[in-house]
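S.K.: kindly generate the corresponding structure for this input.
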Amino acid sequence: MTDKKNPWSRGPSNTGGGTGGSNKNQGPDFEQWLRDQHQKWFGKLDSGALKSIGVSIIAVLAVIWIATGIYRVNSDELGVVMRFGKYSRTTTPGLNYHLPFPIETVLIPSVTTVNKVEIGYAGVNEEDPTVRTAALLKGAAGSAPTVPREGQMLTGDRNIIDIDFEVQWKIDSSAPEKFLFSMRDPAANVKAVAESAMREVIGRNNLDDILTSAQTQIAEDVKSIMQKTFNDYGAGIEVIAVNLSRPDVPQPVIDEFQDVKRAEQDKQTAVSVAEGYANDILPKARGEASKMTQDAEAYKSRVVADAQGDTARFNQIYAQYTLAKDVTKRRMYLETMETVLKDIPKVIVDSNARGNGGVWLPPLQHGATPAAIPQAAATANAVDATNGGTNAK
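M.R.: The predicted model follows:
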């Protein structure tokens with residue numbers, strides 16, 4: 001009996017009416033065709049052969065599945081094997097093996113690739129005028145596009161400086177699993193840590209040092225702080241270098257800053273001139289002071305010596321005075337009168353003479369001899385006689 005609802009077979013179709021018609025228009029029987037094909041291919045195989053084929057297929061699939069655990073690590077890479085999603089071990093370059101998926105999987109990061117993070121300047125979308133305008137606020141037209149304010153930092157002496165720098169980093173080859181499992185966005189984290197470290201170091205330095213001699217030390221300090229931070233967090237990142245571009249003050253205040261620098265240069269010039277004048281005048285002053293000191297010392301020595309000599313002479317006179325008081329007193333009187341009357345005119349008057357009996361004697365010149373005294377006396381008498389006659393008249 002043929003099922004009329006079965007699409008794989010058709011029952012007899014009567015044409016022309018009556019039950020005695022022929023089945024000339026009957027379609028193919030698909031169920032019978034499938035049975036024929038199955039008998040053709042598997043009819044000769046018993047159940048044992050089927051089991052053998054199934055085992056062979058399973059064995060081949062098992063071999064292929066096991067072989068999927070073979071992997072290769074290049075010389076610049078390391079293999080990080082995870083077992084059921086948990087870190088298991090790190091493999092070295094070369095051919096290695098891990099248990100097939102889903103038991104173990106492997107990640108192969110490159111541990112020699114140097115990555116770069118730029119802070120303070122970055123490429124911008126040339127087609128977006130809004131982004132380009134914002135990026136060019138800090139620089140002149142045609143200069144490298146920069147990110148506003150990202151590189152502006154406060155120095156230790158409360159000045160604002162604009163500094164651009166680049167951080168080079170790579171995966172730490174001693175702990176690649178930390179890099180893979182500790183951070184979601186390594187580049188963003190490196191940028192944040194670099195900016196924080198740079199602000200800390202810039203805040204410890206003065207503007208003049210940053211612009212002149214401290215740039216190398218600043219780069220080393222930033223690198224050290226970044227590496228310590230990543231080590232503390234177990235980030236698995238090795239900081240290779242921090243490269244600074246030439247720092248400068250912000251563009252809106254560049255003119256005022258140049259005025260300040262010129263004033264400082266003028267100050268330095270004035271200080272240099274003053275120091276030159278001081279270096280010229282101070283040795284002279286010191287020489288004069290030394291000369292005055294030496295003169296004073298000489299005067300002191302002379303006065304002290306004179307005083308000591310006077311003291312010694314007085315002691316000698318006093319010793320003679322004690323031996324012969326009258327003689328010594330007369331001698332001292334005569335020596336004193338000789339000193340007093342030596343350079344003044346003298347008139348000798350004879351108390352026994354009558355009239356004008358005085359004789360005027362001028363002071364003897366230096367080097368005069370006693371023989372000149374009579375002549376001087378005669379001249380004096382003549383003058384006195386003349387004056388006497390005049391007076392008589």
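S.K.: ranges for the strands of the stretch 251-393 of the chain?
M.R.: For the stretch 251-393 of the chain, applying DSSP state E, counting those that start in this stretch gives strands covering 346-349, 358-361.
S.K.: mean pLDDT for those strands: which is lowest?
M.R.: Ranked by mean pLDDT, these bottom out at strand 358-361, with a mean of 56.
S.K.: low pLDDT regions in the stretch 1-150 of the chain?
M.R.: 1-28, 38-51, 122-149 (pLDDT under 70).
S.K.: which residues in it form helices?
M.R.: With DSSP state H, counting those that start in this stretch as the criterion, the stretch 1-150 of the chain has helices at 30-42, 47-67, 129-135.
S.K.: same deal with the stretch 251-393 of the chain?
M.R.: 254-323, 325-341, 372-392.
S.K.: would you turn these into JSON lines with mean neighbour count and mean pLDDT?
M.R.: Where C-beta positions appear, they are placed from N, C-alpha and C, glycine not excepted. What follows is the helices of the stretch 251-393 of the chain, written out as JSON lines (neighbours: other CB atoms under 10 Å; pLDDT from 0 to 100):
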{"stretch": "helix 254-323", "mean neighbour count": "10", "mean pLDDT": "88"}
{"stretch": "helix 325-341", "mean neighbour count": "11", "mean pLDDT": "84"}
{"stretch": "helix 372-392", "mean neighbour count": "12", "mean pLDDT": "50"}
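S.K.: can you redo these as TSV with distance to I119?
M.R.: Formatted as TSV, the helices of the stretch 251-393 of the chain follow (distance: least, CB to CB, whole Å):
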stretch	distance to I119
helix 254-323	21
helix 325-341	101
helix 372-392	113
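S.K.: can you say which of those helices is nearest to N206?
M.R.: For these, the distance to N206 is smallest for helix 254-323, at 12.7 Å, taking CB to CB.
S.K.: what's that closest one packed up against?
M.R.: Using 3 or more CB pairs under 8 Å, 6 or more residues apart in numbering; DSSP states H and E as the contact definition, the elements that helix 254-323 packs against are helix 325-341.
S.K.: between the helix it packs on and helix 254-323, how big is the angle?
M.R.: Per axes from the mean of the first three to the mean of the last three CA atoms, to 10 degrees, the angle that helix 325-341 makes with helix 254-323 is 130 degrees.
S.K.: my guess is V73 contacts T90. True?
M.R.: No. Counting by CB atoms under 8 Å, V73 stays clear of T90, with 9.8 Å between them.
S.K.: and for the two, which residues touch both?
M.R.: Common neighbours of V73 and T90 are listed as G79 (criterion: CB atoms under 8 Å, 6 or more residues apart in numbering).
S.K.: tell me which of these two has more neighbours.
M.R.: V73 (18 against 15; other CB atoms under 10 Å).
S.K.: give me the buried positions along stretch 239-250.
M.R.: Neighbour counts over stretch 239-250 (16 or more other CB atoms under 10 Å) mark 239, 242, 244-245, 247, 249-250 as buried.
S.K.: just the ones of the residues you listed in strands?
M.R.: Per DSSP state E, strands hold the following members of the buried residues of stretch 239-250: 239, 242, 244.
S.K.: can you name the residues bridging to the last one?
M.R.: Right, L244. Under DSSP bridges, the beta-bridge partners of L244 are F165.
S.K.: quick one, domains of this structure?
M.R.: For the chain, automatic domain parsing gives the domain ranges 43-107, 115-249, 256-331, 343-392.
S.K.: what would those domains look like in JSON lines with distance to Q32?
M.R.: Shown next, in JSON lines, are the domains of the chain (distance: least, CB to CB, whole Å):
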{"stretch": "domain 43-107", "distance to Q32": "15"}
{"stretch": "domain 115-249", "distance to Q32": "61"}
{"stretch": "domain 256-331", "distance to Q32": "100"}
{"stretch": "domain 343-392", "distance to Q32": "179"}
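S.K.: hey, where'd the strands end up in the stretch 1-150 of the chain?
M.R.: 70-73, 79-83, 86-91, 94-97, 104-107, 115-119.
S.K.: pairing partners for the last one, with directions?
M.R.: Paired neighbours of strand 115-119 in the sheet (DSSP bridges): strand 165-171 (antiparallel).
S.K.: neighbouring contacts of the very next helix or strand once past the strand it pairs with?
M.R.: Once strand 165-171 ends, the next helix or strand along the chain (criterion: DSSP states H and E) is helix 176-182. For helix 176-182, contacts defined as CB under 8 Å, 6+ apart pick out 78, 80, 87, 90, 107, 109, 111, 171-172, 186, 233-237.
S.K.: so how do I select the buried members of those residues in ChimeraX?
M.R.: The following ChimeraX line selects those of the contacts of helix 176-182 that are buried, judged by 16+ other CB under 10 Å:
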select :78,80,109,111,171,172,186,235,236,237
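S.K.: ok so, going back, of the helices of the stretch 251-393 of the chain, which is nearest L99?
M.R.: Of the helices of the stretch 251-393 of the chain, nearest to L99 by CB to CB is helix 254-323, at 64.2 Å.
S.K.: any idea how far Q37 is from E31?
M.R.: 11 Å (CB to CB, to the nearest Å).
S.K.: ditto for D255
M.R.: For D255, the distance to Q37 - CB to CB - is 95 Å.
S.K.: try N231
M.R.: Going from N231 to Q37 by CB to CB gives 70 Å.
S.K.: give me the more crowded residue out of those two.
M.R.: When N231 and Q37 are compared for neighbours, N231 comes out ahead with 16 against 11, by other CB under 10 Å.
S.K.: output the one helix or strand the more buried one maps to in PDB with nothing but the alpha carbons.
M.R.: Assessed by DSSP H and E, N231 sits inside helix 215-233. The C-alpha trace of helix 215-233 is given here as PDB (Å, rounded to 0.1, in the frame of the first residue of the first chain):
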ATOM      1  CA  GLN A 215      67.300  67.300  30.500                       C
ATOM      2  CA  THR A 216      69.400  64.200  30.600                       C
ATOM      3  CA  GLN A 217      68.900  63.800  34.300                       C
ATOM      4  CA  ILE A 218      65.100  64.400  33.900                       C
ATOM      5  CA  ALA A 219      64.900  61.600  31.300                       C
ATOM      6  CA  GLU A 220      66.700  59.200  33.600                       C
ATOM      7  CA  ASP A 221      64.600  60.100  36.600                       C
ATOM      8  CA  VAL A 222      61.300  59.600  34.600                       C
ATOM      9  CA  LYS A 223      62.500  56.200  33.400                       C
ATOM     10  CA  SER A 224      63.400  55.100  36.900                       C
ATOM     11  CA  ILE A 225      60.000  56.200  38.300                       C
ATOM     12  CA  MET A 226      58.100  54.500  35.500                       C
ATOM     13  CA  GLN A 227      60.000  51.200  35.800                       C
ATOM     14  CA  LYS A 228      59.500  51.200  39.600                       C
ATOM     15  CA  THR A 229      55.700  51.800  39.100                       C
ATOM     16  CA  PHE A 230      55.400  49.000  36.600                       C
ATOM     17  CA  ASN A 231      57.400  46.600  38.800                       C
ATOM     18  CA  ASP A 232      55.200  47.500  41.800                       C
ATOM     19  CA  TYR A 233      52.000  46.700  39.800                       C
END
